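Student: Sequence plus the predicted model coming up.
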Amino acid sequence: AWVEEWRAEVEFGLRQHHSRRRRLDIAVGMLRDAVNVRRIAARARRVGPRGDLSAPGDARQSMLWGGFRRDLGLAMRRLRRAPMLSLGVGCTLALGIGANTAIYVVGDTVLRRPLPYADGDRLFMVWEEGPQPSAARTPVSVPDFLDWRAASEGFEELAAFADRDFNVTIGDRADRVRGQVVSGNFFELLGFGPERGTAFIPANDLAGGERIVVLSHGLWQREWGRDPGVVGRTLSIDDVPFTVVGIMPADFRPPGAPSIWLPLSVLDGDLRLWRATHVLNVVGRLPPAVEPVEVETRLTERAQELWE
């Protein structure tokens, strides 16, 4: 009998325990519901009155801006604690941004933008190549250039230039000036004419030609204040008198940024005679329907004929 009595007491105690646990779970759930209700009410007060469609976006923007300010403040405090690290990070970022900007500018100028000359998409540099790798893209000799131009070789026109420095006497002082020796059709091939005066003609390529010079717009403006009377004056170049015959426009900026141009006739006799003396950079303009590979084949055959 006592066993039955003991079992009844145990069952009664378990029922009481489960009842208390259930009441506790209900209380906890009600507490959670109350907290959620308070959160929703607080959010509704921040968002704005019901029906205000702009308020949620404003609230999100405010929350994002507040988070950004907190993150920024935290970052600044950490950087102040380590000034050398901050300096290193700043320098690294500056170098990285500067390098990327420089690469973009160079790539945009060299690869994307067209050449600032007439028919720039049909202009090509022409080089000589020897059997050795070091002889790739070798400048052209004066006799080879004259033979190529006379035979056309698939180009509408071929022109040549050579970079040189000259001693130019301006007033009572002598300056070292960057210049170019160019063929008579150089300006015409690039689609430019002089702003004042005249430019060179093919006859100026011949030995013993006139001693004439064309000035850049920058040199003309810097040294003579754009005085139109400069055309016709005599200028001492390497202690030799040259007559100024023309001034190029300001937007004419060929490679090398020269300040003066002299005709091909000023080259020494040996430079004009020897095919082994490579001094000229040659630029050519292709006809509209001709591929560069075709012209390259013709020039290669022509070069072999000249050397045989």
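Tutor: Here it is on my side, so go on.
Student: can you map out the helices along the stretch 51-200 of the chain?
Tutor: Along the stretch 51-200 of the chain, counting by DSSP state H, counting those that start in this stretch, helices occupy 54-81, 83-107, 142-151, 186-189.
Student: Tabulate those (JSON lines), appending distance to residue 160.
Tutor: C-beta: built from backbone N, CA, C; applies to glycine. Output for the helices of the stretch 51-200 of the chain, formatted as JSON lines (distance: least, C-beta to C-beta, whole Å):
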{"stretch": "helix 54-81", "distance to residue 160": "59"}
{"stretch": "helix 83-107", "distance to residue 160": "27"}
{"stretch": "helix 142-151", "distance to residue 160": "5"}
{"stretch": "helix 186-189", "distance to residue 160": "7"}
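Student: between those, which one is nearest to residue 163?
Tutor: Closest to residue 163 of those is helix 186-189 (C-beta to C-beta; 12.7 Å).
Student: Quickly compare the helices of the stretch 51-200 of the chain and say which is most buried.
Tutor: helix 186-189 (a mean of 21; mean count of other C-beta atoms under 10 Å).
Student: Run a quick neighbour tally on residue 298.
Tutor: 16 (other C-beta atoms under 10 Å).
Student: Hmm, I typed the wrong one, I wanted residue 199.
Tutor: 22.
Student: do the same with residue 297
Tutor: Residue 297 has 12 nearby residues by other C-beta under 10 Å.
Student: What of residue 226?
Tutor: Neighbours of residue 226 (other C-beta under 10 Å): 12.
Student: got any ranges where the stretch 1-150 of the chain has weak pLDDT?
Tutor: Scanning the stretch 1-150 of the chain for pLDDT under 70 picks out the ranges 1-61, 63, 103-116, 130-136.
Student: Which strands and helices lie in contact with the longest strand seen in the chain?
Tutor: Ranked by residue count under DSSP state E, the longest strand found in the chain is strand 157-170. In this structure, strand 157-170 packs against helix 142-151, strand 173-182, helix 186-189, strand 234-237, strand 260-263, strand 278-285, with contacts taken as 3 or more C-beta pairs under 8 Å, 6 or more residues apart in numbering; DSSP states H and E.
Student: Quick check: residue 62 vs residue 75, distance?
Tutor: 20 Å (C-beta to C-beta, to the nearest Å).
Student: What of residue 165?
Tutor: In terms of C-beta to C-beta, residue 165 sits 53 Å off from residue 75.
Student: what's the answer for residue 281, then?
Tutor: For residue 281, the distance to residue 75 - C-beta to C-beta - is 54 Å.
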